[in-house]
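Asker: Sequence first, predicted coordinates after that:
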Amino acid sequence: MKIAIVNDHWGYDLKKYIIKHLKGVEVIDLGSDSKEISDWSEYGIKLGEYIVKHKCYGVSVCRTGVGMSIACNKVKGVRCAKVNSIKEVKLSRSDDDVNAIAIPGEIKPERAVRIVEEFLNTEFSQKDRYLRRKKQIADYENK
């Protein structure tokens, strides 16, 4: 499995930790390579474009996760959820078929790795109501 990951300056350390501790996953690091101030908007859009082009999953890390999720969701075809917990990431994958998650840079590193692992291991449920909702969003994007 392959995922792309991005970060801004706030998410630099957590991104490095996630990459180091994910097992059996090819990680494409598209994020900032330092703690110097960088723009989450740039990296969120970059991640979204990569996800759509390469049909892979994505993970973003910034101070709150909100900025990255906003930027990433501006890219047509991306469904990015800002998540803080295992429950949120499970429901986001199973019910909403998110293809990206945004994690706050201030959460505990071990928890972040568990969230990413759950993201990658949870399947979309394919229930009619979730398929219908996903189609409604895609139809709106394609207007």
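Answerer: Nice, thanks for sending it over. Numbers count the residues shown, from 1 in each chain.
Asker: Glu42 - nearest residue in space that isn't next to it in sequence?
Answerer: Ala71 (7.8 Å; Cβ to Cβ, 6 or more residues apart in numbering). (Glycine included, C-beta is placed from N, CA and C.)
Asker: looking at it, Gly77 is touching Glu141, isn't it?
Answerer: Yes: contact criterion Cβ atoms under 8 Å: Gly77 and Glu141 qualify, at 7.0 Å.
Asker: dump the residue contacts of the residue nearest to Lys134 when sequence neighbours are not counted.
Answerer: Spatial nearest neighbour of Lys134, chain neighbours left out: Asp97 (5.6 Å); criterion: Cβ to Cβ, 6+ apart. Contacts for Asp97 (Cβ atoms under 8 Å, 6 or more residues apart in numbering) come out as Arg79, Phe124, Tyr130, Lys134.
Asker: Highest neighbour count among these?
Answerer: Among those, Arg79 has the most neighbours (other Cβ atoms under 10 Å), with 19 neighbours.
Asker: Report the mean confidence score over the one helix or strand Val6 maps to.
Answerer: Using DSSP states H and E, Val6 sits in strand 2-7. Across strand 2-7, the average pLDDT comes to 97.
Asker: Which elements pack onto that strand?
Answerer: When contacts are defined as 3 or more Cβ pairs under 8 Å, 6 or more residues apart in numbering; DSSP states H and E, strand 2-7 packs onto helix 12-21, strand 26-29, helix 40-54, strand 57-62.
Asker: Can you give the contact residues for that strand?
Answerer: Residues outside strand 2-7 that contact it (Cβ under 8 Å, 6+ apart) are 14-15, 18-19, 25-32, 43-44, 46-47, 50-51, 54, 56-62, 68, 105, 116, 120.
Asker: Please state the offset of it from the chain centre?
Answerer: 8 Å (Cα atoms, centre = their mean, to the nearest Å).
Asker: That strand vs helix 40-54, what angle?
Answerer: 170 degrees (axes from the mean of the first three to the mean of the last three Cα atoms, to 10 degrees).
Asker: buried stuff in strand 2-7?
Answerer: For strand 2-7, a neighbour-count test (16 or more other Cβ atoms under 10 Å) marks Ile3, Ala4, Ile5, Val6, Asn7 as buried.
Asker: Phi and psi next, for Leu131.
Answerer: The phi and psi values for Leu131, taken as degrees, to the nearest 10, are phi -60, psi -40.
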